[in-house]
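take this sequence and fold it.
(one chain, ligands or ions: 1)
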Amino acid sequence: MFSGASNFVQGVDTAFVFILGVSFFFLIGLSILMLYFVWRYNEKRNPVATQIEGNNTLEVIWTIIPTILVLLMFWYGYKGWRPMMSPPPDAMEVDAIARMWSWNFEYENGKSSITLKLPVDKPVKLNLISVDVLHSLYIPAFRVKQDMVPGKENSFMWFIPQRTGVYDLYCTEYCGLRHSYMYTDVEIMTQEDFDAWYNDTTGVLMATDTAAGEDLMLAMMGKQILESKGCIACHSLDGSAIVGPSFLGIYGSDHIVITDGKERTINVDDEYIRRSIYDPNYDLVKGYRAGQMLSYEKELNDEDIDKIIAFLKTLK
Ligand code: CUA
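From the prediction side, this is the model:
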């Protein structure tokens with residue numbers, strides 16, 4: 001509490017502590033009073049009950065005091081919330097993209113990451129984008145939380161991280177089977193460390209002149225795409241069936257699929273993979289439900305898919 005990990009900690013915690021304090025005061029005060037009355041007015045001490053009717057002073061007091069208290073609660077809450085709605089114009093913008101069931105953060109220079117990396121003491125504005133269902137982005141240490149509604153424009157949250165370190169970030173709106181896997185880190189770095197990461201666009205530069213080296217590089221980039229687009233939330237790499245078929249050994253294997261209501265056997269080749277990414281429900285692998293995957297046509301191009309294929313080939 002009051003750790004100051006972000007600029008909103010104090011406002012939120014003040015409202016919280018005030019409400020908690022008032023609640024405790026009345027819980028303890030009323031409990032003590034109740035016990036006292038049980039003792040003071042039991043039948044032995046007070047054999048004849050007195051009937052009391054109407055007391056204007058008392059009525060006025062127990063109306064005015066709680067009214068003041070709830071207005072104060074509102075005031076503290078409003079004061080903590082209001083600045084969250086006005087991001088400074090110079091805030092660094094990052095697209096926070098949620099999908100079933102992963103996070104991806106895309107920066108202005110095209111860099112993307114599955115953890116949220118930010119420099120300390122710089123205001124940041126997260127543009128909240130959900131590509132499928134309702135999610136909610138929550139960073140408890142920063143006291144920020146906002147629903148992510150698919151199709152809703154200009155949805156955002158902003159804050160200033162004030163301490164370096166690693167913090168939790170997770171989805172706090174139940175969004176299906178693997179909701180609890182929507183869990184990642186916020187890494188707050190010094191400006192120098194952040195710049196070093198941000199400006200490093202070499203990625204997985206390990207190109208060699210040999211064909212094998214190039215394949216390996218493609219495969220590594222393919223793996224990054226699968227991670228950043230959340231594919232492996234539903235397609236395991238170890239052979240277990242989650243929401244979709246596992247990627248392990250998938251390339252070159254035969255599968256029974258349902259196309260237009262008819263069963264047929266296909267071989268998983270480049271063409272099949274491409275079609276399955278662009279039009280996932282065209283061929284439905286037997287045993288899996290339709291409509292679980294949306295088309296990635298807007299998010300992946302043929303080159304990306306070549307990289308994915310290169311990676312799938314390595315999963316023997
Ligand atoms: Cu996304 Cu829960």
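
please make it C-alpha for all contacts and neighbour counts, starting now.
Noted.

number of nearby residues for the residue of the stretch 1-150 of the chain found nearest the ligand?
Among residues of the stretch 1-150 of the chain, the one nearest the ligand by C-alpha to the nearest ligand atom turns out to be residue 135. It sits 4.1 Å away. Residue neighbour count, defined by other C-alpha atoms under 10 Å, stands at 29 for residue 135.

that one and residue 179: what is the separation?
Between residue 135 and residue 179 the distance, using C-alpha to C-alpha, to the nearest Å, works out to 9 Å.

and for the two, which residues touch both?
171, 173 (C-alpha atoms under 8 Å, 6 or more residues apart in numbering).

returning to what we had before: what's across from the residue of the stretch 1-150 of the chain closest to the ligand in the sheet?
The bridge-partner assignment for residue 135, based on DSSP bridges, gives residue 148.

these two touch, right, it and residue 176?
No. The pair residue 135 and residue 176 fails to qualify as a contact (C-alpha atoms under 8 Å) at a distance of 9.9 Å.

who's in contact with residue 276?
When the contact criterion is C-alpha under 8 Å, 6+ apart, the partners of residue 276 are 282-283.

secondary structure element for it?
Assigning secondary structure by DSSP states H and E places residue 276 in helix 270-278.

next secondary structure after that helix?
Of the helices and strands lying after helix 270-278 in sequence (DSSP H and E), the nearest is strand 283-285.

one step back: from residue 149, how far out is the residue of the stretch 1-150 of the chain closest to the ligand?
Residue 135 sits at a distance of 7 Å from residue 149 (criterion: C-alpha to C-alpha).

ok, now residue 53?
Counting by C-alpha to C-alpha, the gap between residue 53 and residue 149 amounts to 54 Å.

check residue 82 too.
As for residue 82, its distance to residue 149 is 21 Å (criterion: C-alpha to C-alpha).

ok, residue 194 - contacts?
Taking C-alpha under 8 Å, 6+ apart as the contact definition, residue 194 lies against 117-119.
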